[in-house]
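K.L.:
Sharing a model prediction with you, sequence too.
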Amino acid sequence: MPVLFQTQVRAVRFRHRRFKRLAQAVLSHVGEPQAELGLTFIGDRRMRRLNRQYRKKDRTTDVLAFAMRDAVTPRALHHTPRPLGDVVISIPTAMRQAKEGQRSLDHEIVVLMIHGILHLCGYDHERSEAEARRMQRRERMILGRLAPLPKLVNRTPHE
């Protein structure tokens with residue numbers, strides 16, 4: 001179950017191996033232990049472009065998920081690693097949200113990663129209030145199973 005990790009942000013240093021292990025744990029918790037996942041960290045300008053291009057919303061956002069396959073693939077076909085999709089997280093937005101919510105950046109990024117992975121698995125909080133509650137319950141359950149969270153990021157010395 002490979003997790004492909006890429007970062008285009010210099011303000012923060014990431015502990016790649018820990019992120020990969022955590023992402024693999026989330027994939028296991030959602031029933032996709034053999035899935036391949038792309039995880040990318042970017043800045044607000046690039047996130048705004050992606051959000052405008054794919055969702056027609058001309059503003060930045062915290063996380064986008066790009067599914068590579070239908071979330072209702074029969075379990076019998078899950079014997080070999082198959083791409084689930086990509087989760088893209090805006091680190092500047094995550095930093096702002098963490099500060100506003102008085103959470104650590106580690107915690108905020110993990111919540112966004114879980115949220116993105118659930119989108120790849122077919123959850124959609126914009127579909128209905130009931131679906132939003134269902135997704136939120138699943139996010140909290142997965143986050144609880146991952147606790148305590150390891151240290152995942154370091155700020156660069158010039159910050």
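P.N.:
Nice, thanks for sending it over.
K.L.:
Quick check: the gap between His29 and Ala132.
P.N.:
Distance from His29 to Ala132, counting by C-beta to C-beta, to the nearest Å: 19 Å. Any C-beta I mention is one placed from the backbone N, CA and C, and that applies to glycine too.
K.L.:
Same drill for these two, tell me which one is more crowded.
P.N.:
Using other C-beta atoms under 10 Å, the more surrounded residue of His29 and Ala132 is His29, with 17 against 14.
K.L.:
Wait, that one touches Gly144, no?
P.N.:
No. Counting by C-beta atoms under 8 Å, His29 does not reach Gly144; the two are 10.1 Å apart.
K.L.:
Point to the residue nearest the middle of this structure.
P.N.:
Geometric centre of the chain, nearest residue: Met113, 2.0 Å, by C-alpha atoms, centre = their mean.
K.L.:
contacting residues for that residue?
P.N.:
Counting by C-beta atoms under 8 Å, 6 or more residues apart in numbering, Met113 makes contact with 19, 22-23, 26, 39, 63, 87, 89.
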